[in-house]
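compute the structure for the input listed below.
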Amino acid sequence: MEQMIHNSTARRKARASLSNASGRFDLAREDIDDGWAQEAPAEAISTDVRCEIAGSVISYNRSPDLPFDRSVNPYRGCEHGCIYCFARPSHAYLGLSPGLDFETRLIARPNAAEVLQRELSASRYRVATLAMGTNTDPYQPCERDYGITRACLEVLQAFNHPIAIVTKGTLIERDIDILSEMAAKGLVRVGISVTTLDPDLSRRMEPRAPAPARRLAVINRLSQAGVPVRIMTSPVVPGLTDHELEALLAAGAAAGADTASWIMLRLPREVSELWQDWLAEHEPGRAAKVMARLREMHGGRDYDPRWGQRMRGEGEYASMIGRRFKAACKRLGLEEKAPDLRVDLFQRPPQPGDQMALF
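Numbers count the residues shown, from 1 in each chain. Okay, here's the model as predicted:
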């Protein structure tokens, strides 16, 4: 059996997960103390990035409650380490833990731009808005070293392909040159997720993500460059961040966001246990209330995966959050739906070996 990563505070510095429990498809793990750890202090868990040669990069979905049917993710796993991240269970498919492995054992796809260009060039490809950052953040820290997201943006710009980006990362400011040019053509929109305005709570829930004030500054820089930005008050955590909803929307609007959205906290598969462990350590006095509210919205369960229910929940509490959101957006002049991005400009650029047109 593989030994579980030691669960000391020193080792988990700047990490959200309290454990590295096995994923659904992995062998069981045990936390074993053989006495040798007493010889020297435990070292903090470092980030390990490995490369994967991608055969395809565009993922398609038929989910009726998503506003897009295709996406691309340059990285697997996310060093931001948000404890509530609904994408954590995807690491189990790699034989890795949705816990600390998700935050520390990352996969980069260095040939993603090359494969994306090939897929967009296929004669059977039909254009529609491509989403980026829907599973893991395309602007997490390792993007500074690998530059895969920027390389993909360069491909999309060459094709005049519409792109919708979701991120918490400040590194998106590096790519304002590309984004502003695409925005001028109606080809891009960006969503910035701000979960709380409390820097202490953010540091504990999202240990390696930029501070809330810094994310608001990103909204301002993008909007000043002509890039349309959505403030994403996601996830709303009942009993913990729900009281901030109006303040978050107001801060986003003041920074320059023109649209807004919200999603209730989701706890699919392994995320539920990881989240409840986090609550027990960081917010023990609120843990019972938070979980009671969530179960109230999901028929007594921690999570309901049904289409149309998984994002918002149901019942009076969920309806109340929805009413508050709509009222605040109306008061602040924030739209709930952004204009569609343009698809009519899509054009495959000339490729080496192409036959020249006569006219």
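
could I have the strand or helix carrying Ile176 exported to PDB, CA atoms only?
In this structure, Ile176 sits in helix 176-184 according to DSSP states H and E. Below are the C-alpha coordinates for helix 176-184, written out as PDB (Å, rounded to 0.1, in the frame of the first residue of the first chain):
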ATOM      1  CA  ILE A 176      -4.100  41.500 -22.200                       C
ATOM      2  CA  ASP A 177      -2.500  42.200 -25.500                       C
ATOM      3  CA  ILE A 178      -4.200  39.200 -27.100                       C
ATOM      4  CA  LEU A 179      -7.400  39.500 -25.100                       C
ATOM      5  CA  SER A 180      -8.000  43.100 -25.900                       C
ATOM      6  CA  GLU A 181      -7.600  42.500 -29.700                       C
ATOM      7  CA  MET A 182     -10.000  39.600 -29.500                       C
ATOM      8  CA  ALA A 183     -12.400  41.600 -27.400                       C
ATOM      9  CA  ALA A 184     -12.500  44.300 -30.000                       C
END
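
quick one: residues in contact with that helix.
With Cβ atoms under 8 Å, 6 or more residues apart in numbering as the test, helix 176-184 has contacts from 150, 153-154, 156-157, 163, 172, 188-190, 221-222, 225-228. (C-beta placed from N, C-alpha, C; glycine too.)

and the gap between Pro238 and Thr195?
13 Å (Cβ to Cβ, to the nearest Å).

so those two - more neighbours on which side?
Thr195 (26 against 23; other Cβ atoms under 10 Å).

count the neighbours of the spatially closest residue to that one that is not a sequence neighbour for me.
Using Cβ to Cβ, 6 or more residues apart in numbering and skipping the chain neighbours, the partner closest in space to Thr195 is Thr241 (6.1 Å). When neighbours are counted by other Cβ under 10 Å, Thr241 registers 21.

cool, Gly55 as well?
7.

repeat for Ala251
Neighbours around Ala251, by other Cβ under 10 Å: 21.

quick one: contacts for it?
By Cβ under 8 Å, 6+ apart, the neighbours of Ala251 are 194, 197, 216, 231.

show me which of those residues is closest to Ala108.
Val194 (26.2 Å; Cβ to Cβ).

hmm, that closest one is touching Val218, no?
No. Contact between Val194 and Val218 fails when scored by Cβ atoms under 8 Å: they sit 9.6 Å apart.

look at those two and report which has more neighbours.
Between Val194 and Val218, counted using other Cβ under 10 Å, the more crowded position is Val194 (27 against 24).

I'd like the distance between the more buried one and Arg286.
Counting by Cβ to Cβ - Val194 and Arg286 are separated by 20 Å.

what two of the contacts of Ala251 are the furthest from one another?
Most distant of the contacts of Ala251, by Cβ to Cβ, are Leu197 and Ile231, 11.7 Å apart.

so where do the helices sit in the stretch 151-300 of the chain?
176-184, 199-205, 212-224, 245-255, 271-282, 287-297 (DSSP state H, counting those that start in this stretch).

now the first one and helix 212-224, what's the angle there?
Using axes from the mean of the first three to the mean of the last three Cα atoms, to 10 degrees, the interaxial angle of helix 176-184 with respect to helix 212-224 works out to 50 degrees.

and helix 176-184, which residues are buried?
176, 178-179, 182-183 (16 or more other Cβ atoms under 10 Å).

the longest one too?
Buried positions in helix 212-224, judged by neighbour count with 16+ other Cβ under 10 Å: 212, 215-223.

next: stretch 335-349.
Across stretch 335-349, burial judged by 16+ other Cβ under 10 Å covers 338, 341-342, 346, 348.

wait, which of those residues is closest to Leu116?
Arg348 (12.6 Å).

residues touching that closest one, list them.
120-121, 159.

hang on, it is in a helix, isn't it?
No. Using DSSP: H, G, I helix; E, B strand; the rest coil, the secondary structure at Arg348 is coil, not a helix.

give me the number of residues near Ser319?
13.

SS state for it?
Put simply, Ser319 is helix when judged by three-state DSSP.

hey, where'd the strands end up in this protein?
2-3, 29-30, 48-51, 59-60, 70-72, 75-76, 105-108, 130-132, 163-167, 188-193, 229-236, 259-264 (DSSP state E).

mean confidence for the second one?
For strand 29-30, the per-residue pLDDT values average out at 53.

and if you look at the first one?
The predicted model gives strand 2-3 an average pLDDT of 36.

so, low pLDDT: which residues of the protein?
For the chain, the stretches flagged by pLDDT under 70 are 1-12, 19, 22-43, 352-359.

how about 90 then?
1-46, 62-67, 92-95, 134-135, 304-311, 350-359 (pLDDT under 90).

now Phe159: closest residue in space that isn't a chain neighbour?
Leu120 is the one closest to Phe159 (Cβ to Cβ, 6+ apart), at 5.2 Å.

is the residue nearest to Thr195 in contact with Val194, as I believe?
No. Thr241 is not in contact with Val194 according to Cβ under 8 Å; the separation is 10.1 Å.

how near is the residue nearest to Phe159 to Ile107?
22 Å.

residues contacting Ile192?
When contacts are counted by Cβ under 8 Å, 6+ apart, Ile192 touches 167-168, 215, 218-219, 222, 229-232, 252, 257.
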